[in-house]
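Peer 1: Let's see this in three dimensions:
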Amino acid sequence: MKITDAVSGGLLIALGLFMLWQAAQFPSFGGQPYGAALLPSILAGGFILGGGLLILRDVIARRQAAAGPWLSTVPELRQGTGLAALLAVLGNVLAQIWVAQRLGFIPFP
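Peer 2: Residues are numbered from 1 along each chain as shown. Alright, predicted model coming up:
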């Protein structure tokens, strides 16, 4: 699935706001002007700024050219091979999550 930069930017802004909300709940150190919330707050600001730039870039691109759909599927996923590859990747990730506790770390040569 392909999504426009505006949708991706909105998701980044939402994630940045969530990070700010969580960082505001961190305890502060006594006698210091900053605490554990400093780095997450800086990162959240970067996420919000980056998301805003993505939205701005998409709005400018849509004004200059014909706008496509907000969401569209990748043509390869409509064919059997692309869908099989997607399901194989998702299946392997889920299998690793479920089986990793029993198997432990298995290094591959």
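Peer 1: Quick one: residues contacting residue 16.
Peer 2: Residues in contact with residue 16 (Cβ atoms under 8 Å, 6 or more residues apart in numbering) are 44-48, 51. From N, CA and C alone the C-beta is placed, and that goes for glycine too.
Peer 1: for the protein, which spans come out with low pLDDT?
Peer 2: Flagging of the chain using pLDDT under 70 yields the residue ranges 1-2, 67-68, 70-79, 106-109.
Peer 1: Domain map for it?
Peer 2: Using automatic domain parsing, the domain ranges for the chain come out as 2-72, 75-109.
Peer 1: For the first one, what is the distance to the chain centroid?
Peer 2: Using Cα atoms, centre = their mean, to the nearest Å, the mean C-alpha position of domain 2-72 is found 10 Å from that of the whole chain.
Peer 1: biggest helix in the chain, by residue count?
Peer 2: Criterion DSSP state H: the longest helix present in the chain is helix 38-64.
Peer 1: List the buried residues for that helix?
Peer 2: By neighbour count on 16 or more other Cβ atoms under 10 Å, the buried set for helix 38-64 is 41, 44, 47-48, 51, 54-55, 58.
Peer 1: and what of stretch 24-33?
Peer 2: When neighbours are counted by 16+ other Cβ under 10 Å, no buried residue of stretch 24-33 is found.
Peer 1: returning to that earlier point: now tabulate the buried residues of helix 38-64 in TSV and tack on distance to residue 91.
Peer 2: Shown next, in TSV, are these (distance: Cβ to Cβ, whole Å):
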residue	distance to residue 91
41	38
44	33
47	30
48	35
51	31
54	31
55	34
58	33
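Peer 1: ok, those vs residue 12, which is closest?
Peer 2: The closest of those to residue 12 turns out to be residue 51 (Cβ to Cβ; 3.2 Å).
Peer 1: what's the spacing between the nearest residue to that closest one once chain neighbours are set aside and residue 104?
Peer 2: Counting by Cβ to Cβ, 6 or more residues apart in numbering, residue 12 is the residue found nearest to residue 51 once chain neighbours are left out, at 3.2 Å. Counting by Cβ to Cβ, to the nearest Å, the separation of residue 12 from residue 104 is 35 Å.
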